[in-house]
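Enquirer: just a sequence and a predicted model for now, questions to come.
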Amino acid sequence: MHVEAVGAGVLVELLAVAVGATLPLPPELRITAALALLTVGLAGGYVAGRVAGGNWRDGIRHGLFAGVIGGGALALVLGYTMVTPGSEVGALWGLNYLIATSGLPSEFAAMYDQQLAILVPAVVGLLLAIEGALAGGAAGSVSVEPL
């Protein structure tokens with residue numbers, strides 16, 4: 001396990017989460033930024049897999065670890081913004097908007113309000129971990145010589 005490879009991938013993801021949580025955006029860019037923030041696991045996993053080198057299995061392992069840490073950070077911040085009104089100003093506002101308008105029945109959302117604030121961020125964190133593993137595996141270098 002190359003700690004510096006995982007660290008490089010985590011750094012990419014944490015920077016994206018920090019920018020998404022703190023950078024105020026105009027209302028017309030917030031949803032686009034939210035969708036871009038959902039793909040940050042790909043960037044972090046790719047960096048981790050590329051820095052780790054080795055075969056695709058090493059890339060998957062390093063990308064997965066980077067994705068778990070970055071996804072956990074995004075899940076914590078998203079969960080906080082879901083239960084704290086007025087705390088989001090940028091990309092996380094877009095994520096909260098997409099969650100609120102996803103089509104859940106209002107009776108269901110009212111009944112499971114606190115559980116949704118845990119479940120939805122956990123699913124987002126899992127998505128980033130899967131993205132990291134896939135991108136890390138794709139970035140793992142395999143030496144193949146042409147015939």
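Expert: Nice, I can see it.
Enquirer: nearest the geometric middle of this protein, what residue?
Expert: The chain has L128 as the residue nearest its centroid, 3.9 Å off, counting by Cα atoms, centre = their mean.
Enquirer: for that one, give me its contacts.
Expert: 13, 38, 40-41, 44, 67, 70-71, 74 (Cβ atoms under 8 Å, 6 or more residues apart in numbering). For glycine as for every other residue, the C-beta is placed from the backbone atoms N, C-alpha and C.
Enquirer: and whatever helix or strand it lives in, how far out from the chain middle?
Expert: Following DSSP states H and E, one finds L128 within helix 113-139. Remark: helix 113-139 is offset 6 Å from the chain centroid, using Cα atoms, centre = their mean, to the nearest Å.
Enquirer: quick check: buried residues in that helix?
Expert: Neighbour counts using 16 or more other Cβ atoms under 10 Å place 116-117, 120-121, 124-139 of helix 113-139 among the buried residues.
Enquirer: got any ranges where the chain has weak pLDDT?
Expert: Judged by pLDDT under 70, the chain has its weakly predicted residues at 141-147.
Enquirer: now the helices for it?
Expert: In the chain, the helices defined using DSSP state H lie at 3-22, 30-37, 40-52, 56-83, 91-100, 106-111, 113-139.
Enquirer: pick the most deeply packed of these.
Expert: helix 40-52 (a mean of 27; mean count of other Cβ atoms under 10 Å).
Enquirer: and the contacts of L128, which is closest to T22?
Expert: L74 (13.4 Å; Cβ to Cβ).
Enquirer: contact partners for that closest one?
Expert: Neighbours of L74 in contact, by Cβ under 8 Å, 6+ apart: 13, 17, 37, 40, 121, 124-125, 128.
Enquirer: reformat those residues as TSV; add distance to G79.
Expert: Converted to TSV, these look like this (distance: Cβ to Cβ, whole Å):
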residue	distance to G79
E13	16
V17	12
L37	14
V40	17
P121	4
V124	9
G125	9
L128	14
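Enquirer: which one of those is nearest G94?
Expert: L37 (7.9 Å).
Enquirer: so who does that closest one touch?
Expert: 16-17, 20, 74, 91-92, 94-95.
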